[in-house]
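Visitor: coords below, sequence missing:
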């Protein structure tokens, strides 16, 4: 049979390139484990929400939105920090500060993102875009007549999925970047996993608005009592 000679050649090629074989297997294991973990988190979150609603009884229903202000770490092709702020019901702004050790570059990215809830508001797909500005962490070597150049500048797109469990926000995204000026490459294809801690569930202006309404209601009640007397 032709299968066994092909299998034998493949086995020899794997043995001759052990490091590449190991890295390929490791990538497959991490990818499969990440998918299983995301599905398990989603299922557990759904059951937790259903149990919470059932415990509230039939006269009370509370709807919780996703994270409002969250910050944390980003790990992947580039490593750094991420801060995400929800500015509308399905819209957020994200700031990413990252570095790439291979290209010897740091980068600051500002993104606007639109969220699409799936199953519940805790599990979203999202997409968006923005701009980036980079700098060199190590100065490149220049020729005698070559002018010194600054870091890359361009536009960035993003697409991914996120899951919020309590105050933990996990996301995976693909973030291609197009350099309009400079940069070691014209296009950077980046991907990463972000783990954020939810700092605040509601923006501060909503809290101020709620407190103002309470004060106004209290004053109105006091005026009505005085009129009755």
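Guide: Received the coordinates, thanks. Everything numeric here is computed off the predicted structure, so don't read it as measured data.
Visitor: and this structure, what are its domains?
Guide: Using automatic domain parsing, the domain parsing of the chain gives 1-61, 69-201.
Visitor: determine the longest strand present in this protein.
Guide: Longest strand in the chain, counting residues (DSSP state E): strand 120-136.
Visitor: tell me who's in contact with residue 111.
Guide: 93, 94, 95, 96, 128, 129, 130, 156, 158 (CB atoms under 8 Å, 6 or more residues apart in numbering). Just so you know, the C-beta spots here come from the backbone N, C-alpha and C atoms, and that holds for glycine as well.
Visitor: please redo it, this time with the cut-off set to 10 Å
Guide: Counting by CB atoms under 10 Å, 6 or more residues apart in numbering, residue 111 touches 82, 84, 92-96, 126, 128-132, 156-158, 173, 175.
Visitor: what of residue 85?
Guide: 67-71, 91-95, 199-200, 203.
Visitor: do that again at 8 Å, thanks
Guide: 68, 69, 92, 93, 94, 203.
Visitor: circling back: hey, least reliable of the domains of the chain by pLDDT?
Guide: Of all the domains of the chain, domain 1-61 carries the lowest average pLDDT, namely a mean of 69.
Visitor: and the domains of the chain, which is most packed in?
Guide: domain 69-201 (a mean of 16; mean count of other CB atoms under 10 Å).
Visitor: which pair in the contacts of residue 85 spans the largest distance?
Guide: For those, with distances taken as CB to CB, the pair at the greatest spread is 94 and 203 (15.2 Å).
Visitor: and the strands in this protein?
Guide: Counting by DSSP E, the strands of the chain are 69-76, 79-86, 91-100, 105-118, 120-136, 153-165, 168-181, 187-200.
Visitor: returning to what we had before: and which of the contacts of residue 85 is nearest to residue 120?
Guide: Using CB to CB, the contacts of residue 85 come closest to residue 120 at residue 68, 16.1 Å.
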